[in-house]
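K.L.:
Provide a 3D model corresponding to the input given below.
(one chain, ligands or ions: 2)
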Amino acid sequence: METQPARPLAARRPSTPLAGEIAVPGDKSISHRALMFGALAVGQTRITGLLEGEDVLRTAAAMRALGAEITRDGGDWLVSGRGIGGLTPPEDVLDMGNSGTAARLLAGILATHDFSSVMTGDASLRKRPMGRVIEPLKASGAVFTAREGNRLPLTIQGARDALPITYRLPVASAQVKSAILLAGLNARGITEVEEPEPTRDHSENMLTHFGAQVKVTQAGRGRMIRLTGQPELRAADVVVPGDPSSAAFPLVAGLLVAGSKLVINGVGLNPLRTGLFDTLREMGAELEIRDFRIQGGENVGDIHVEHTALVAVDVPAGRAPSMIDEYPVLAVACACARGVSRLRGLSELRVKESDRLAATAAMLRAGGVRVEIEGDDLIIHGSTQPAGGGLVETHMDHRLAMSALVFGQATREPMRIDDASFIDTSFPGFVALMRRLGADISVP
Ligand SMILES: O=C(O)C1=C[C@@H](OP(=O)(O)O)[C@@H](O)[C@H](O)C1
Ligand SMILES: C=C(OP(=O)(O)O)C(=O)O
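P.N.:
Numbers count the residues shown, from 1 in each chain. Ligands and ions are numbered 1, 2, ... in the order given. Alright, predicted model coming up:
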């Protein structure tokens, strides 16, 4: 992807309100996991609603390279698994593209497969820290050789008789938790992960769905997860809900453009993913969830949203794990809200596809908004209509690109972005879908 030419875009305030009823693509976290667990199960897993974004396609390619059979069947995906410990050595380097989730979860799987493999990624992923998974995974007996600073490329020699890991996460990270659980699948005995704050529990839910024994108990503010190793994972069909992290973009656009009224159908509402919706409600957002239902083991609902004059908010640090990927677009909402907002405890944003704390501040400043970073907090001085008129550097980061295009729907002057190509990592069809709602996005 990084060799392709950049795709600049411009976004400007539309002359009419946004309106319509849409669905967003499948959940990225659940899609990665469905492919990985399917590849480790015995039998054929059918996945309905898989996100066909670049990140997930990287996971599909990697699991294929490791011996799973993965095909597309109409709109569904079929995965014929190899059973736990049954993956086979890849013939080439595994390239995880732009995806932290794919790289870190796969490191867990490879740690307890007795062969050697090499993993790399694009220029963004090669900057991201892998020590957070390497350190705990070493305890399984796997040997890792990383580039300086624990960065990709990474060579992994998987353990022969892997040991179960016991680990307390130093940072709230569902990727690290999941990597350890995935390693634990092929280790004899009980793998234990303690998380100081609850993070998205799609791995725990899906492991149970595939027949593994997972026990989750409360541990202070967080959770203790215990997995019994070497179960037989049985193929199980997965229905992927719409991604709440993707729904966030049309949702915020609908709140910001005067007179707008939107419905986003079939959005996943796992309680560990809904921090943004709570926060927007605190800002006064007209946001309603209708037809709440359980679908494929996950909470799902239809989000109805109407334009609202938003007010500033103070978001506690403890809420960050439940909305970690939504901060750039929340920052856009805060820039267009009356008053000064404070978003607390955002250190993890520094190690995403870009340094999202710095890049989000720069995006808002490019639109004439006063912003400060104090420690790990982002302070945004909002106004009902920021000036706009700037160029946003997106740093190979899909969420910055989409956030800036949403921002441009509300600013006085258009906002431009340097490159829209990374949007396809998580939200293929984003620009077309936003235009269908009435958003003004064009090639400058
Ligand atoms: O487990 C997952 O699927 C994810 C966990 C989060 O990362 P961290 O675990 O690094 O917080 C999130 O930012 C990412 O988009 C997806
Ligand atoms: C942080 C993200 O993804 P990943 O870590 O999988 O690259 C994201 O999608 O915002």
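
K.L.:
when you work out contacts or count neighbours from here on, use the C-alpha atoms and nothing else.
P.N.:
Noted.

K.L.:
could you look up the SS state of Leu105?
P.N.:
The assignment at Leu105 comes out as helix when based on DSSP: H, G, I helix; E, B strand; the rest coil.

K.L.:
enumerate every residue touching the nearest residue to it once chain neighbours are set aside.
P.N.:
Once flanking residues are discounted, Leu105 sits nearest to Ala179: 4.4 Å by Cα to Cα, 6 or more residues apart in numbering. By Cα atoms under 8 Å, 6 or more residues apart in numbering, the residues touching Ala179 are Arg104, Leu105, Leu106, Ala107, Gly108, Ile109, Val133, Leu137.

K.L.:
the first one: neighbour count?
P.N.:
Yep, that's Arg104 we're talking about. A count of nearby residues for Arg104, using other Cα atoms under 10 Å, gives 23.

K.L.:
please name the residues that touch it.
P.N.:
Shown in contact with Arg104 (Cα under 8 Å, 6+ apart): Met130, Val133, Gln175, Val176, Ala179.

K.L.:
could you verify my assumption that Leu51 touches Arg33?
P.N.:
No - because the distance of 11.3 Å does not satisfy Cα atoms under 8 Å, Leu51 is recorded as not touching Arg33.

K.L.:
between those two, who's got more neighbours?
P.N.:
Each of Leu51 and Arg33 has its neighbours counted (other Cα under 10 Å); Leu51 has more, 27 against 24.

K.L.:
circling back to that earlier point, keep only the contacts of Arg104 that also lie close to ligand 1.
P.N.:
Gln175, Val176 (Cα under 6 Å from any ligand atom).

K.L.:
pull out the buried residues from the contacts of Arg104.
P.N.:
In the contacts of Arg104, burial by neighbour count holds for Met130, Val133, Gln175, Val176, Ala179, counting by 16 or more other Cα atoms under 10 Å.

K.L.:
mean confidence score for stretch 333-353?
P.N.:
Predicted confidence along stretch 333-353 averages 98 (mean pLDDT).

K.L.:
before we move on, the earlier item: name the nearest of the buried ones among the contacts of Arg104 relative to ligand 2.
P.N.:
Sorting the buried ones among the contacts of Arg104 by distance to ligand 2 puts Gln175 at the head of the list, at 7.8 Å, by Cα to the nearest ligand atom.

K.L.:
on the three-state scheme, the closest one is what?
P.N.:
helix.

K.L.:
next up, the contacts around it.
P.N.:
When contacts are counted by Cα under 8 Å, 6+ apart, Gln175 is found next to Thr101, Arg104, Leu105.

K.L.:
which of the residues in stretch 225-239 are buried?
P.N.:
With burial defined by 16+ other Cα under 10 Å, the residues of stretch 225-239 counted as buried are 225-231, 233-239.

K.L.:
would you list those in JSON lines and tack on secondary structure, pLDDT and distance to Glu348?
P.N.:
Compiled in JSON lines, those are given as follows (DSSP: H, G, I helix; E, B strand; the rest coil; pLDDT from 0 to 100; distance: Cα to Cα, whole Å):
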{"residue": "Ile225", "secondary structure": "strand", "pLDDT": "98", "distance to Glu348": "22"}
{"residue": "Arg226", "secondary structure": "strand", "pLDDT": "98", "distance to Glu348": "25"}
{"residue": "Leu227", "secondary structure": "strand", "pLDDT": "98", "distance to Glu348": "26"}
{"residue": "Thr228", "secondary structure": "strand", "pLDDT": "98", "distance to Glu348": "30"}
{"residue": "Gly229", "secondary structure": "coil", "pLDDT": "98", "distance to Glu348": "30"}
{"residue": "Gln230", "secondary structure": "coil", "pLDDT": "96", "distance to Glu348": "32"}
{"residue": "Pro231", "secondary structure": "coil", "pLDDT": "93", "distance to Glu348": "33"}
{"residue": "Leu233", "secondary structure": "coil", "pLDDT": "96", "distance to Glu348": "32"}
{"residue": "Arg234", "secondary structure": "strand", "pLDDT": "97", "distance to Glu348": "35"}
{"residue": "Ala235", "secondary structure": "coil", "pLDDT": "98", "distance to Glu348": "34"}
{"residue": "Ala236", "secondary structure": "coil", "pLDDT": "97", "distance to Glu348": "33"}
{"residue": "Asp237", "secondary structure": "coil", "pLDDT": "97", "distance to Glu348": "33"}
{"residue": "Val238", "secondary structure": "strand", "pLDDT": "98", "distance to Glu348": "30"}
{"residue": "Val239", "secondary structure": "strand", "pLDDT": "97", "distance to Glu348": "29"}
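
K.L.:
mind telling me what element the nearest residue to Pro231 once chain neighbours are set aside is part of?
P.N.:
Beyond its immediate neighbours in the sequence, the residue positioned closest to Pro231 (Cα to Cα, 6+ apart) is Ala212, lying 5.7 Å away. With elements delineated by DSSP states H and E, Ala212 resides in a region that no helix or strand encompasses.

K.L.:
which residue ranges form the strands in the stretch 51-200 of the chain?
P.N.:
Residue ranges of the strands in the stretch 51-200 of the chain, as given by DSSP state E, counting those that start in this stretch, are 69-73, 76-80, 94-95, 116-120, 143-147, 151-157, 166-168, 190-195.

K.L.:
and the pLDDT for Leu357?
P.N.:
The predicted local distance difference test score for Leu357 is 98.

K.L.:
export the strands of the stretch 51-200 of the chain to JSON lines and tack on mean neighbour count, mean pLDDT and distance to Gly43?
P.N.:
JSON lines is the format used below for the strands of the stretch 51-200 of the chain (neighbours: other Cα atoms under 10 Å; pLDDT from 0 to 100; distance: least, Cα to Cα, whole Å):
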{"stretch": "strand 69-73", "mean neighbour count": "15", "mean pLDDT": "98", "distance to Gly43": "11"}
{"stretch": "strand 76-80", "mean neighbour count": "21", "mean pLDDT": "98", "distance to Gly43": "6"}
{"stretch": "strand 94-95", "mean neighbour count": "22", "mean pLDDT": "98", "distance to Gly43": "24"}
{"stretch": "strand 116-120", "mean neighbour count": "20", "mean pLDDT": "98", "distance to Gly43": "25"}
{"stretch": "strand 143-147", "mean neighbour count": "17", "mean pLDDT": "98", "distance to Gly43": "30"}
{"stretch": "strand 151-157", "mean neighbour count": "21", "mean pLDDT": "98", "distance to Gly43": "27"}
{"stretch": "strand 166-168", "mean neighbour count": "17", "mean pLDDT": "98", "distance to Gly43": "30"}
{"stretch": "strand 190-195", "mean neighbour count": "23", "mean pLDDT": "98", "distance to Gly43": "25"}
